[in-house]
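Asker: Build me a model:
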Amino acid sequence: MVKIAAGVGENKKIIEAAQKANFPVILVQSEEKLLEMLLDSEIDAVVRGSLKASAIMNYLRNEYGHTINRASYIKIDEHKLLLAPVGIDEGKNIAEKLLLVDQCSKFLKKIGKTPKIAIISGGRSQDLGRSPHIDQTINDGEKLASIIKDKYLVKHYYILIEQAIKDKCNLILAPDGISGNLIFRSLVLIASLKSYGAITLGIDKIFIDTSREQNTEGYLRALNFAHYLTKI
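Answerer: Next comes the predicted model:
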């Protein structure tokens, strides 16, 4: 039998989600106990639920180094895609984004999808010169696309994220983790698009990160996603 653990913090909607799941969920009340579940070889998958992320991510980074990234799995109409980076301290430079692209692409292939990558930056091509920060994101986007174009299907969409989604890209790469987190919150917590949680990349264990602000159905999708991943 598949064993899945989930964390219960201030938001008790995770309890309601666990009760609705078609499989047993082990509920734990602290970050320390959830870490024990991550280390337990008999536990197949862990969902953060509504516990705080800091202690858990700090442990994972101490254990695995800075190869840990997160990518949210989101459904827009009938199209599912990864949005990354969503950790506010992730995707800070081209090297980190290259790693993230490889990790996300490997995951997409694992679930039977061919990676179609959209690189997003801070302006249109004609916006170069408006500010050093905008220039940096555009130049980084161009460089990243040129590095990976022979390995993946990729396009630099500049700031036109709406066109990337219209074109059915299944990996949306935000300029950095802060903007990725804001995009996630805008799409999921404001516009109520369906999220399946964020898959944690760079570890062997299945660990689905979830927002502390998620509703019951959102937590249930994350639990079902974790259960699905144990089967492939």
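Asker: Ile232 - how many residues pack around it?
Answerer: 7 (other C-beta atoms under 10 Å). Any C-beta I mention is one placed from the backbone N, CA and C, and that applies to glycine too.
Asker: can you pull the contacts of it?
Answerer: Listed by C-beta atoms under 8 Å, 6 or more residues apart in numbering, the contact set of Ile232 reads 110-111.
Asker: Numbering from 6 from now on, please.
Answerer: With 6 as the first residue, the last one maps to Ile237.
Asker: quick one: Ala23 and Val30 touch, right?
Answerer: Yes - in terms of C-beta atoms under 8 Å, Ala23 counts as a neighbour of Val30; the distance is 3.9 Å.
Asker: Overlap of the contact sets of these two?
Answerer: 11, 228.
Asker: which residues does the most far-flung residue of the chain relative to its centre contact?
Answerer: In the chain, the residue that sits farthest from the middle, by C-alpha atoms, centre = their mean, is Gly134; the gap is 31.6 Å. With contact taken as C-beta under 8 Å, 6+ apart, Gly134 is in contact with Asp140.
Asker: in which helix or strand would I find it?
Answerer: Using DSSP states H and E, Gly134 sits in no helix or strand.
Asker: tell me the pLDDT at it?
Answerer: For Gly134, the pLDDT comes out at 93.
Asker: just His71 next, same as before
Answerer: 74.
Asker: what's near enough to touch it?
Answerer: Counting by C-beta under 8 Å, 6+ apart, His71 makes contact with Glu101.
Asker: Counting neighbours, which bits of the lowest-mean-pLDDT helix or strand in the chain end up buried?
Answerer: Ranked by mean pLDDT, DSSP states H and E, the weakest helix or strand in the chain is helix 59-69, scoring a mean of 84. Across helix 59-69, burial judged by 16 or more other C-beta atoms under 10 Å covers 61-62, 64-65.
Asker: any chance of these in a markdown table, with distance to Asn98 too?
Answerer: Putting those into a markdown table (distance: C-beta to C-beta, whole Å) gives the following:
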| residue | distance to Asn98 |
| --- | --- |
| Ile61 | 24 |
| Met62 | 19 |
| Tyr64 | 24 |
| Leu65 | 20 |
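Asker: closest to Asp82 among the residues you listed?
Answerer: Of all those, Asp82 sits closest to Met62, with 31.2 Å by C-beta to C-beta.
Asker: Fine by me, we can end here.
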